[in-house]
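*Asks:* quick one: sequence and predicted model below, then my questions.
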Amino acid sequence: MKSALKLTSSILILLFLFSGCKKDDATPSTINDVKLNSESFSINSASIIGISINGEGHSGINLVSGTGNQISTLTIDVESCTRETIEGTYSYPTADGDKVLDDWLTNYAYFENGTGLSSNLESGTVSVRNNHDNNYTIDMDLTMVDGMTFSGSYTGDFVVQFANYQ
């Protein structure tokens, strides 16, 4: 009886291990080559939070970097509020055919030991692509009002939530 239980347990464990492997995923889980003023911008956390009322709304794409007493956030705000409509190219000022990248709600904030600074978007372009499930690629070329620049691409798993109200 014990040997049958061990054999059954071993088979179940092997089945679990082999069924959990997905070799056909084309997109790696995380790639980060985002630069802040040509320096690496290490991303510890990524989220997309969208909200709409009667089909009108925004999504905030939040990229957070931090260590110790220092934290930096880049919030990219796009005029799209559902998983189905967030993909695309956004710009400010808006270029022909692009979706709206909000200059006031797109911002960078830096805090260290209780003091901070922040700046809003002056101009830029962002592309959003859903790779699968909650894995997205965000390509960016942004210039803030204070001259800070963000460029590059981030691919990774995001915490994603959309709330749509009538």
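*Replies:* Happy to help now that I have it.
*Asks:* tell me the SS of Asp103?
*Replies:* Here Asp103 is recorded as coil under DSSP: H, G, I helix; E, B strand; the rest coil.
*Asks:* who's in contact with it?
*Replies:* Contacts for Asp103 (CB atoms under 8 Å, 6 or more residues apart in numbering) come out as Tyr92, Asn120, Leu121, Glu122, Ser123. Every C-beta, even on glycine, is put in place using the N, C-alpha and C of the backbone.
*Asks:* check Ile53 too.
*Replies:* Tyr165, Gln166.
*Asks:* now list the buried members of the contacts of Asp103.
*Replies:* Tyr92, Leu121, Glu122 (16 or more other CB atoms under 10 Å).
*Asks:* so of these, which ones are in helices?
*Replies:* Judged by DSSP state H, the subset of those located in helices is empty.
*Asks:* okay if I get the residues you listed as TSV plus pLDDT and distance to Asp139?
*Replies:* Formatted as TSV, the buried ones among the contacts of Asp103 follow (pLDDT from 0 to 100; distance: CB to CB, whole Å):
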residue	pLDDT	distance to Asp139
Tyr92	98	15
Leu121	98	16
Glu122	98	18
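*Asks:* now the residues you listed as JSON lines including distance to Asn135?
*Replies:* Converted to JSON lines, those look like this (distance: CB to CB, whole Å):
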{"residue": "Tyr92", "distance to Asn135": "26"}
{"residue": "Leu121", "distance to Asn135": "25"}
{"residue": "Glu122", "distance to Asn135": "30"}
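*Asks:* give me the packing partners of the longest strand along the chain, helices and strands only.
*Replies:* As assigned by DSSP state E, the longest strand anywhere in the chain is strand 115-132. On a contact count with 3 or more CB pairs under 8 Å, 6 or more residues apart in numbering; DSSP states H and E, strand 115-132 meets strand 70-78, strand 88-92, strand 107-112, strand 135-144.
*Asks:* tilt between that strand and strand 88-92?
*Replies:* 150 degrees (axes from the mean of the first three to the mean of the last three CA atoms, to 10 degrees).
*Asks:* give me the angle between strand 115-132 and strand 107-112.
*Replies:* 130 degrees.
*Asks:* chain center to strand 115-132: distance?
*Replies:* The chain centre lies 10 Å from the centre of strand 115-132; the measure is CA atoms, centre = their mean, to the nearest Å.
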